[in-house]
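*Asks:* compute the structure for the input listed below.
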Amino acid sequence: MQLASHHQLTRTFPTDTRRWCITMAHFDEKSGIVPCQTPWGQWYQTMEEVFIEVTVPEGTKGKMVTVTFAPKQLSCTVRGEVVFKGELHEAVISDECTWTLVDNKLVQIVLTKSRRSAENCWRSLLKDQYTADPFTYDQMEKKLTLQRFQHEYIDQYL
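*Replies:* Next up, the predicted model:
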């Protein structure tokens, strides 16, 4: 399943009598993810977004889930129990953040970063909570650098 916030860029242009189509699919689909495991699921990031996956009891309905976004705050409550709540590591564009309940057993949250660059690699989801261990953080930084190179390459040749 793809979330509404995932983007696909397609540009088509003629060269002689041929048409070339270059498609940049969502970066994670091509190169995998570097997740930070948590007691409730996992989170991972790209240059533009932070993805959060919360495992919930099977049979959970959308009305049993409350996710609240603010530029520097995030909370998730499932079946009346607070899963997490606190100040985000960095600011997000709250109007562009979304959440989805998948198969009544997984809450997927997508946060749109305010600062979108490879240099803005989040160490933790919330201030001093759900921090990536040093190895995972190193892998996250490498992933964002690769993503930056991919964007620069495509921008240069399109």
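
*Asks:* my guess is residue 110 meets residue 93, correct?
*Replies:* No. Checked against CB atoms under 8 Å, the pair residue 110 and residue 93 is beyond contact range at 11.0 Å. Any C-beta I mention is one placed from the backbone N, CA and C, and that applies to glycine too.

*Asks:* please identify which of the two sits among more neighbours.
*Replies:* Comparing residue 110 with residue 93 by other CB atoms under 10 Å, the one with more neighbours is residue 110, at 19 against 13.

*Asks:* which residue ranges of this protein form strands?
*Replies:* Remark: strands assigned in the chain by DSSP state E are 9-15, 18-24, 36-38, 41-45, 49-55, 65-70, 73-78, 81-87, 98-102, 106-112, 124-126, 129-131.

*Asks:* point out where the protein drops to low pLDDT.
*Replies:* 1-31, 151-158 (pLDDT under 70).

*Asks:* please redo it, this time with the cut-off set to 50
*Replies:* Along the chain, the parts satisfying pLDDT under 50 run over 1-28.

*Asks:* grab the longest helix from it for me.
*Replies:* Taking DSSP state H as the criterion, the chain has its longest helix at helix 134-157.

*Asks:* and the angle from that helix to strand 41-45?
*Replies:* Angle, helix 134-157 to strand 41-45, by axes from the mean of the first three to the mean of the last three CA atoms, to 10 degrees: 40 degrees.

*Asks:* check which residues of helix 134-157 are buried.
*Replies:* Neighbour counts over helix 134-157 (16 or more other CB atoms under 10 Å) mark 136-137, 139-141, 143-144, 147 as buried.

*Asks:* could you dump those into JSON lines with distance to residue 69 added?
*Replies:* JSON lines is the format used below for the buried residues of helix 134-157 (distance: CB to CB, whole Å):
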{"residue": "136", "distance to residue 69": "24"}
{"residue": "137", "distance to residue 69": "24"}
{"residue": "139", "distance to residue 69": "27"}
{"residue": "140", "distance to residue 69": "22"}
{"residue": "141", "distance to residue 69": "25"}
{"residue": "143", "distance to residue 69": "24"}
{"residue": "144", "distance to residue 69": "22"}
{"residue": "147", "distance to residue 69": "23"}
